[in-house]
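>>> what follows is a predicted protein model with its sequence.
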Amino acid sequence: GAGVSQTPSNKVTEKGKYVELRCDPISGHTALYWYRQSLGQGPEFLIYFQGTGAADDSGLPNDRFFAVRPEGSVSTLKIQRTERGDSAVYLCASSLYSEGYNEQFFGPGTRLTVL
Amino acid sequence: AQKVTQAQTEISVVEKEDVTLDCVYETRDTTYYLFWYKQPPSGELVFLIRRNSFDEQNEISGRYSWNFQKSTSSFNFTITASQVVDSAVYFCALSGLSGGSNYKLTFGKGTLLTVNP
């Protein structure tokens, strides 16, 4: 079956521009996570959605970052007034949601480069 | 706050050597999950193993084995008879046990393993 997909795979933008990164989770997965992986680092948590709502956005670095998931499936991570320090790979993961543990399946990521 | 430390930034071995990747973690939770992920050059994170804090039994899967020691807050990963295809960045990670947002993963910085022919 189809895994988590992310588009675009690469995005190059100029400092100060607005970007949107898209995540298509595995069908039926109600939990969705965004992580950011800077060069030479492990992924860092940004935000978690359960259904349509952002249940935990404690990892968003500042108010330039925002994410939505209006229909409980596809999610878009939005970055305003991009800065060079935003350059990283943005990873999306999805999982089933139930009382027990459910594995997070990761997408291939979007590599964002801010010039 | 949760923290995962992988002190080895890079390791280089020759094929067929055994190699151990170290992971030390910190958490205030009394129950938690520990993970290892592999990130090959293609970039996609590949899940290898999950252990919960209740279960300190070591686990072996083919050439891979994991040693969980709660007393030292360590969860080390050994590859026996390494192969060139094992070359990748390996991440250790930690999450809570109680579901939802608690499942968000805290990753270490990773260890780059290079296996030379």
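All right, it came through fine. Residues are numbered from 1 along each chain as shown, chains lettered A, B, ... in the order given.

>>> what about the residue in chain B that chain A sits nearest to, distance to A:Arg36?
Taking C-beta to the nearest C-beta as the measure, chain B has B:Phe107 as its residue closest to chain A, at 3.1 Å. For every residue, glycine as well, the C-beta is placed using N, CA and C. Distance, B:Phe107 to A:Arg36, using C-beta to C-beta, to the nearest Å: 11 Å.

>>> one step back: beta partners for the residue of chain B closest to chain A?
Applying DSSP bridges to B:Phe107 gives these bridge partners: B:Ala93.

>>> touching, it and B:Cys92? I think so.
Yes - the pair B:Phe107 and B:Cys92 qualifies as a contact (C-beta atoms under 8 Å) at a distance of 7.3 Å.

>>> the two: which is more packed in?
Using other C-beta atoms under 10 Å in any protein chain shown, the more surrounded residue of B:Phe107 and B:Cys92 is B:Cys92, with 28 against 22.

>>> for A:Ile95, which residues make a bridge with it?
Not Ile; residue A:95 is Ser. A:Ala31.

>>> which residues are in contact with each of B:Phe107 and B:Cys92?
B:Val4 (C-beta atoms under 8 Å, 6 or more residues apart in numbering or on different chains).

>>> quick check: residues of chain A near chain B?
Residues of chain A lying close to chain B by C-beta under 8 Å from any C-beta of the partner chain are A:31, A:33, A:35, A:40-45, A:48, A:50, A:55-56, A:59, A:89, A:91, A:95, A:97, A:99, A:101-109.

>>> from those, list the buried ones, please.
Buried by 16 or more other C-beta atoms under 10 Å in any protein chain shown: A:31, A:33, A:35, A:42-45, A:48, A:50, A:56, A:59, A:89, A:91, A:95, A:97, A:101-102, A:104-109, out of the residues of chain A next to chain B.

>>> what about the residue nearest to A:Lys78 when sequence neighbours are not counted, how many neighbours?
The shortest distance from A:Lys78 to any non-neighbouring residue, by C-beta to C-beta, 6 or more residues apart in numbering or on different chains, is to A:Phe66 (4.7 Å). The number of residues packed near A:Phe66 is 15, by other C-beta under 10 Å.

>>> which elements pack onto the host helix or strand of A:Phe66?
Taking DSSP states H and E as the definition, A:Phe66 sits inside strand A:65-68. The contact analysis (3 or more C-beta pairs under 8 Å, 6 or more residues apart in numbering or on different chains; DSSP states H and E) places strand A:65-68 against strand A:44-50, strand A:75-79.

>>> one more time with 10 Å, if that's ok
Applying 3 or more C-beta pairs under 10 Å, 6 or more residues apart in numbering or on different chains; DSSP states H and E, one finds that strand A:65-68 contacts strand A:19-24, strand A:31-37, strand A:44-50, strand A:53-56, strand A:75-79.
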